[in-house]
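A.B. asks: sharing a sequence plus its predicted fold:
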Amino acid sequence: MRVKNKKDMKSLKVAALALLATATVSAQDLKKEEVPSDLMSNFEKEYANATDVEWEKEDELYKVEFDMDRNEYELWYDASGRMTKIEKELKVTELPQAIKSKISSSYASYKIDDIEIKEENEKTTYEVELEDGRKEITVIFDESGSVIKEFED
């Protein structure tokens, strides 16, 4: 983008600051003591072996990122402490057979690079990153192995 004059430069700076302010407001890092005590207590009970725990507040939801059993997790809770969404890194061995079969038949030239399971609104999906050396694609599957969405990375 080419800036034509000082007025354009000033407008560009204002827009950049507004964008930064919006990003800062939408997600806020939290200290452990800033998380509601009931939520923290339930989390620590259920995920006692969690390491590298980081809390954020995004709008009205509390998000926690952590590692456990060599997997990365992201959980979202509402203010009442109810889990609304979970994302978990999976190993290839944990992928349902229906999805493995679909990858073998429809994406035979690709290797699995990364897998995440997502549970939200009582719906489970699997996001699989595939690569073949030349390009990378992400395929989102339902539990039965049907493709929901596919896009190039």
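C.D. replies: Alright, I've got the coordinates. Numbering: from 1, shown residues only.
A.B. asks: and the residue nearest in space to the middle of the chain, what does it touch?
C.D. replies: Computing the C-alpha centroid of the chain and ranking residues by Cα atoms, centre = their mean puts Glu87 first, at 5.9 Å. By Cβ atoms under 8 Å, 6 or more residues apart in numbering, the contact list for Glu87 reads Tyr73, Glu74, Leu75, Glu116, Ile117, Lys118. Bear in mind the C-beta positions are built from the backbone N, C-alpha and C, glycine included.
A.B. asks: of those - the most surrounded one?
C.D. replies: Using other Cβ atoms under 10 Å as the neighbour criterion, Leu75 leads the contacts of Glu87 with 21 neighbours.
A.B. asks: that one contacts Met83, doesn't it?
C.D. replies: Yes: with contact defined as Cβ atoms under 8 Å, Leu75 counts as touching Met83 (5.9 Å).
A.B. asks: what do the two both touch?
C.D. replies: With Cβ under 8 Å, 6+ apart, Leu75 and Met83 have no common neighbours.
A.B. asks: contact partners of stretch 35-52?
C.D. replies: For stretch 35-52, contacts defined as Cβ under 8 Å, 6+ apart pick out 32, 55, 62, 64-69, 73, 75, 77, 79, 81.
A.B. asks: before we move on, back to that, shouldn't the residue nearest to the centre of the chain be within a helix?
C.D. replies: No: per DSSP: H, G, I helix; E, B strand; the rest coil, Glu87 lies outside any helix segment and is strand.
A.B. asks: nice, that's everything, thank you.
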